[in-house]
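> got a predicted structure here, sequence first:
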Amino acid sequence: MSQAFDLLIRGGTCVTPNGVEEANVGVIGGRIAVIGSLSNAKAAEVFEAKGLHVLPGVIDTQVHFREPGNEHKEDLESGSRAAVLGGVTAVFEMPNTNPPTTSRLALDDKLARASSRMHCDHAFYVGATPDNIGALGILENLPGVAGVKAFLGSSTGSLLLDHEDDIATMLKAGRRRVAVHSEDEARLRERKPLAKSGDVRTHPFWRDVETARVSTERVLRLARQAGRRLHVLHVTTAEELPLLAEARDFATAETTPQHLTLAAPECYERLGTYAQMNPPIREARHRDALWRAVSEGLIDVIGSDHAPHTREEKERTYPDTPSGMPGVQTLVTILLDHVNAGRLSLPRFVDLTSAGAARILGIAGKGRIAQGYDADFTIVDVNAKRKIENSWIASKCGWTPFDGMTTTGWPVATIIRGQTVMRDGAVLAEGRGAPVRFVETLAPSAA
Ligand code: DOR
């Protein structure tokens, strides 16, 4: 039977629920219609993917796009441009903007700003504060919301929820999985004098292993007591891993490409404050432990924690320098380079960057190449070898900690709901991103 598709992706090696297989993928109405040989298929558009791998669209579950309030560093347009250039089809954006995303008004404002300007699909986290705890159970169910995020220790911006009673109340104030930045605020305050002026190498001593460990231990205990699902963002220490392993019935974990790639003290000696982020990059023993956690299935997702700051801000004197580095555009190539080096299989890459996000956050119709799912694809050339350069970075900050690194494995195209948004380094379709939908908060549909 001859079928007519809107888009046919032909001859690629697809990572599907069946494994890694050569298949053609037919798309109708923005969804995957057929996966198979499709020898007689007709299509309005054909993407010749021979020699390429067709992966489910990469979902970056942690980005900071700075709008509103700090558009000199990034905005929803520039951040999402960087995303699609890097092969990312959807992003979940963090609430530490100015004003922070802590109310319905602020959420509506972000969704309105995203509409017709963001190049990829998107959802926003709502920030927990001592003042909005009572509203979180309602806010987390609004359309376009990825869930609640709580900063248990202070980082960039004003968001903070550090008192034990408030954390416990917040964990009882809703149902969806809660994402946390896990560093202990009291210990951060006590140790701040250890951050030595002009010496960023002291960053991981100020924000030490124990700061992360005690916070994670406490929040796991409180989440267990509340019966609430928890997601610990950017896990950085070997010491948190056994705690997480004891909590797999309700807790999930993220780490970042930076923490899997860089290590102290070398990164601080080479990059200075450009390597400063929270929680910090630590010594190689933590990086090794995180890789073991990746291979043992303890890490559920890898998010970029894309957190751009300008060069001018980064070149102030530590510790007056902001923490964070961009990453949404380099996530795919850095991880494919690890695939190439044998640290990660391609199916595990997919598990960490699409299927894992869908599983832990309940994303509706995304995260796998399967019939009826959104036609989101990250098409990659696993053999392409190129140097990452600052000049390639579309983020307003204009730099990457990976400048000068040659990686093997690059995104070739970004396809979102059947539309080729990026191809060979050019953005082809502007501002077509839509809010991501979640299974726990599906709105009633007229259809
Ligand atoms: O390094 C970081 N930067 N860690 C965070 O938690 C926040 C982020 C930012 O927004 O700059």
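Nice, thanks for sending it over.
> can we go C-alpha only for contacts and neighbour counts from here?
Will do.
> residue 250 touches residue 224, doesn't it?
Yes - between residue 250 and residue 224 there is a contact at 7.4 Å, judged by C-alpha atoms under 8 Å.
> what is in contact with these two at once?
Common neighbours of residue 250 and residue 224, counting by C-alpha atoms under 8 Å, 6 or more residues apart in numbering, are absent.
> pretty sure residue 420 sits in a helix.
No - counting by DSSP: H, G, I helix; E, B strand; the rest coil, residue 420 is not part of a helix but strand.
> what score does it have for pLDDT?
In this model, residue 420 is scored at 98, pLDDT.
> number of nearby residues for the residue of the stretch 301-447 of the chain found nearest the ligand?
The nearest approach of the stretch 301-447 of the chain to the ligand comes at residue 324, 3.4 Å away (C-alpha to the nearest ligand atom). Neighbour count of residue 324, defined by other C-alpha atoms under 10 Å: 23.
> just give the number of residues close to the spatially closest residue to it that is not a sequence neighbour.
Distances taken as C-alpha to C-alpha, 6 or more residues apart in numbering put residue 277 closest to residue 324, at 4.2 Å, once the chain neighbours are dropped. Look at residue 277: counted by other C-alpha under 10 Å, it has 20 neighbours.
> which residues touch residue 277?
Going by C-alpha under 8 Å, 6+ apart, residue 277 touches 322-325.
> secondary structure class for it?
Following three-state DSSP, residue 277 is assigned to coil.
> now it. Its backbone dihedrals?
When read as degrees, to the nearest 10, the backbone of residue 277 gives phi -150, psi 170.
> gap between it and the ligand?
Distance, residue 277 to the ligand, using C-alpha to the nearest ligand atom, to the nearest Å: 3 Å.
> assess the claim that residue 326 and residue 305 are in contact.
Yes - using C-alpha under 8 Å, residue 326 is in contact with residue 305, at 7.4 Å.
> that older thread, now do the contacts for the residue of the stretch 301-447 of the chain closest to the ligand.
By C-alpha under 8 Å, 6+ apart, the contact set of residue 324 is 274-278, 305-309.
> just give me the neighbour total for the closest residue to the ligand within the stretch 101-250 of the chain.
Nearest residue of the stretch 101-250 of the chain to the ligand (C-alpha to the nearest ligand atom) works out as residue 156 at 4.6 Å. Using other C-alpha under 10 Å, residue 156 is surrounded by 14 other residues.
> now do the contacts for it.
Taking C-alpha under 8 Å, 6+ apart, we find residue 156 in contact with 96, 322-323.
> which of the residues you listed fall in helices?
Among the contacts of residue 156, no residue falls in helices (DSSP state H).
> identify, from those residues, the entry nearest to residue 289.
Of all these, residue 289 sits closest to residue 323, with 23.2 Å by C-alpha to C-alpha.
> my guess is that closest one meets residue 272, correct?
No - using C-alpha under 8 Å, residue 323 makes no contact with residue 272, being 11.6 Å away.
> mind checking which of the two has more residues around it?
More neighbours surround residue 323 than the other of residue 323 and residue 272, with 23 against 18 (other C-alpha under 10 Å).
> which parts of the helix ranked longest in the chain are buried?
Across the chain, the longest stretch assigned as helix under DSSP H is helix 209-226. Residues of helix 209-226 classed as buried: 209-216, 218-220, 222-224 (neighbour count, 16 or more other C-alpha atoms under 10 Å).
> rewinding a little: look at the residue nearest to residue 324 and report its pLDDT.
With respect to pLDDT, residue 277 scores 98.
> same deal with the one 5 residues further on?
Turning to residue 282, the model gives it a pLDDT of 98.
> same question, residue 399
98.
> burial of it, as a residue count?
Residue 399 is flanked by 22 other residues according to other C-alpha under 10 Å.
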